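Peer 1: sequence and predicted structure are below.
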Amino acid sequence: MKKPVVVGLALLLAACGTPASNKKDKDPVPNDFRMSPQAGTPPLNFAPTSLAPERVLLRGGTVMPASGPALENGWVLMEEGRILEVGSGAKEAPEGFTVVDTTGKFVTPGVIDTHSHLGVYPSPWAEAHSDGNEIVGPTTPDVRAEHGLWPQDPGFERALAGGVTTQQVIPGSANLIGGRGITIKSHPAISSRAMQFPGAPYGLKMACGENPKRVYGSKGGPGTRMGNMAVWRAKWAKAVEYKKKIEDYEKEFIRWDRGTRDATKEPTPPGRDIGLETMVAVLNDEILVHVHCYRADEMLQVLQLADEFGFRVRSFHHAVEAYKIRDVLAEWNVSVSTWADWWGFKMEAHDAVVENAALVSDAGGRAIIHSDSPIGIQRLNQEAAKVYFAALEGGLELTEEEVLRWITLNPAWALGVHEQTGSLEAGKMADVVVWSAHPFSVYARAEMVFVDGVREFDQAAPSRWSDFEVYQLPGQEVGQ
Amino acid sequence: MNHRLLRSAVVLATACFALPALADGQGIVLKGGTVHTGTGTKIDNGVVVLGTDGKILSVGTTVPTGAYKVVDCTGKVVTAGFVDYATQLGVVEVSLEKSTRDGDGGGDDVRAAFRVSDGFNPNSAVIPIQRTGGITSAVVAPSGGFVKGQSAWIDLHGPGAFARVAKAPVAMHVGLGQGTMGSRGATVLALRELYDDVAFYAKNRKKFDVGQSRKLAASRLDLEALSLTVGGTVPVVFHVDRASDIRTALQLAKELNLRPIIHGGAEAWMVKGELAAGKVPVVLDSMANLPQSFDALGTREDNAAVLAAAGVPVVLSVFDTHNARNVRQMAGNAVRGGMDWNAALAAVTTNPAAAAGMADYGTLEKGKIANVVVWSGDPFELSTHVDAMYIGSVEVSLANRQSALFKKYRKLPRRGAPAKYDEIDTDMPE
């Protein structure tokens, strides 16, 4: 299997919309048929927010970089949205830097969630805002979460206050192929595109098991797990076919371009198919696959499906039985996005164990604690801690550093942004949280959250960015 | 309203079940721990004595003489067992599998005579999992409908079973708010009509029995069940979030002579004065801080803290049967949100017991039911685990289906294959 492509380096705080594929000059094939993740991205600046990254030295306390052991009396220096340096011991602030005293506090990378429905199932619950599942057919690779995402969801600012700096918003699990997920950063913005993580690959949400068959059982199917797999195989076969059509066309076009360039013989491109384009991008390792899947046997079937059609699974989500096949998942380098302890709400969530993520870690796999919840996303540190302490009690050997990675560097990897964020290392995005206490304590609070070096949350002066919460109740006048 | 009074008042309606006797006939001394009695007292190096009658013999600093099993609790924390007031333990196994659900009275909007205890399964595998969170008792509540039915109090240990019903009914559950009967006004009207018929039926029972009565808003058994709530013998749990609905519930309770409990209470902090004046318990979720519905626009994370400081009896619940074990995390988050630590402890022990009329539960005091948890540290901290648990003086196992699966898969015997059958630990109910 090929190594997945991590798309480009993030353009610092830049507008989205810069096509990742700039091959047009040297490559004659019309750009539309380069199935890059950004294909079809409008070349406009959709980032109306002007960000003001601070020049800050966080000094004192415990720095937990996630990429290595904790540093006592540590410090983090950041400028222009990037981490300049991380260290420990005495440190003078360079000129022009604000010093934030973090003595007695804990500093970690920003928390990252691979599984959020903020914006597509926003608060408050309203039928009119239920935009996360396109329940018109079991496969809808043509839809994108970004088009259902309501940026005014108050959940975004609450997630930020819980230390979340990056999250993937994905469609729900009604459909076998639910559409594209979008990775966003915790900046207040007026559009989903403006929140988009610069240069991050898109995700493709797939779902197996009970949900698709329950939703479509009375709507023409699939009505069984057999049907789920049959529909998937048929669709992936189409994607492979479409990929070949595109490649044939590209070859023909190049031949024609280098040859006669006879206008009457210019090859005709295949008609565009928006959904299949997304799937072809998956086959080309440009979009990362996230599969909602609970049971061990079904995860193995999905890996078989992926193998048959030539794509990779980047992360299994929920995956409550991952512990049963942790050796396989580790070997195949498939990450596991799971909860600490959700279980029991349906048959496929019956065999949960709290140590699931820990067992995956123990086997050398990539464990992730995800939320799937507007409440859970605010406390991913607590959720990781529950698993950690249960695992220690169960006799597993784990380090705090590894557990911190479950909510930072590992989800960053699952989203294909681990080279830009997920740990406190020089050159990375300045996504940093200052905690009031050890982040694995129930009493810990994120006091400050920097996103790209911008202090988006400060407990001393919490901002309310959602328009929805403006003057809903007596006493909520603007400015209060 | 205490336990005994209830029993004599409504013999027919209320069943109180005797504690099972101790098998080995030996009391237990928990010695050396930090004891939080739940009455505001903290005893360092404390001694709690659990009697053979399933009750607490003494709480103090003296080790009694005699034949006791002595357990060293040095460095540990000892509290009364935790309670989750809003569960469906024993009436739901797998939420989405209808065949495993018995918590819904079904059919009519009014199911006042429906008792969850009738369908209670003391051997539900969901139950022992909750013990790992220090839960020794829970209220099992009905779901669905407008008048949902009657809840029960269970202990998470029973003779030859994972649990037993200790008292039923505990409360009558009623849904107010917009969705229940189509509109708020319609819901209130329906409730007034019901209670009007409760009174009418009481006066005209004989005529009703010979078919000389007007048509009533609910069945005979429903009206009889509701009659137990008039005067407050059985409290009424109103499922409401919006401040105006809470006020409506309080007003209805006054008008109809009911003893109210608020369940949900997202905006209860806005009504703290009235709630405190009436000492009305509020069962709430301390992690809720989002306006997740239009009924909960005023949700805030210090709801519990504000209410407790105002003198409202706060009860914390996870509102998730399968994870009632997380009630301690709920308490920790309440403290994180500004609640006093002792108030949070009361909110998961004393207050739910008092709200359920279980005066023998919820504190470590002489004569109380010996439901006791020994913790490795601060019960609310994530790093803490339950060291030992006693229910009615019996040490109960902390093993459960999940710990058994963990054990079974602790080592993977074959690559990606299920573990061998002979490695399975079977934990039978005590």
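Peer 2: All right, it came through fine.

Peer 1: make it CA atoms for all contacts and neighbour counts henceforth
Peer 2: Noted.

Peer 1: strands along the stretch 51-200 of chain B, start to end?
Peer 2: B:56-60, B:68-72, B:77-80, B:82-87, B:135-140, B:147-150, B:152-155, B:164-168, B:172-175 (DSSP state E, counting those that start in this stretch).

Peer 1: low-confidence stretches in the stretch 151-300 of chain A?
Peer 2: For the stretch 151-300 of chain A, no stretch has pLDDT under 70.

Peer 1: quick one: the strands in the stretch 151-300 of chain A?
Peer 2: A:164-169, A:177-185, A:203-207, A:288-293.

Peer 1: doesn't A:N381 lie inside a strand?
Peer 2: No: applying DSSP: H, G, I helix; E, B strand; the rest coil, one finds A:N381 to be helix, outside a strand.

Peer 1: so it sits against A:T408, correct?
Peer 2: No: between A:N381 and A:T408 there is no contact under CA atoms under 8 Å: 9.9 Å.

Peer 1: okay, these two: which has more neighbours?
Peer 2: A:T408 (32 against 27; other CA atoms under 10 Å in any protein chain shown).

Peer 1: not counting its neighbours along the chain, what's nearest that one?
Peer 2: Residue nearest to A:T408 in three dimensions, not counting chain neighbours: A:G422, with 4.6 Å by CA to CA, 6 or more residues apart in numbering or on different chains.

Peer 1: that neighbour and chain B, how far apart?
Peer 2: Using CA to the nearest CA, to the nearest Å, A:G422 is found at 24 Å from chain B.

Peer 1: tally up the residues packed near that residue, please.
Peer 2: 33.

Peer 1: do I have it right that it meets A:I83?
Peer 2: No: with contact defined as CA under 8 Å, A:G422 does not reach A:I83; the gap is 11.7 Å.

Peer 1: mean confidence for stretch B:334-349?
Peer 2: Averaged across stretch B:334-349, pLDDT comes to 98.

Peer 1: quick check: end-to-end length of stretch B:218-237?
Peer 2: 19 Å (CA to CA, to the nearest Å).

Peer 1: what's the closest non-adjacent residue to A:G364?
Peer 2: Nearest to A:G364 is A:A330, by CA to CA, 6+ apart, at 5.7 Å.

Peer 1: show me the contacts for residue 137.
Peer 2: Chain wasn't specified; assuming chain A. A:175, A:216 (CA atoms under 8 Å, 6 or more residues apart in numbering or on different chains).

Peer 1: try again with chain B
Peer 2: B:81-84, B:153-156.

Peer 1: compare those and tell me which is most surrounded.
Peer 2: That'd be B:V83 among those, by other CA under 10 Å, with 34 neighbours.

Peer 1: quick check: beta-bridge partners of that residue?
Peer 2: Per DSSP bridges, the residues bridged to B:V83 are B:S137.

Peer 1: ok, now how distant is it from A:L276?
Peer 2: 53 Å.

Peer 1: A:E308: neighbour count?
Peer 2: 12.

Peer 1: how close does it get to chain B?
Peer 2: In terms of CA to the nearest CA, A:E308 sits 19 Å off from chain B.

Peer 1: element containing that residue, please.
Peer 2: In this assignment (DSSP states H and E), A:E308 forms part of helix A:296-309.

Peer 1: got the angle for that helix vs strand A:203-207?
Peer 2: 130 degrees (axes from the mean of the first three to the mean of the last three CA atoms, to 10 degrees).

Peer 1: what does the stretch 151-300 of chain B put close to chain A?
Peer 2: Proximity of the stretch 151-300 of chain B to chain A (CA under 8 Å from any CA of the partner chain) is limited to residues B:287-294, B:297-298.

Peer 1: bridged to the residue sitting nearest the centre point of chain A, which residues?
Peer 2: Geometric centre of chain A, nearest residue: A:Q168, 3.2 Å, by CA atoms, centre = their mean. Applying DSSP bridges to A:Q168 gives these bridge partners: A:T183.
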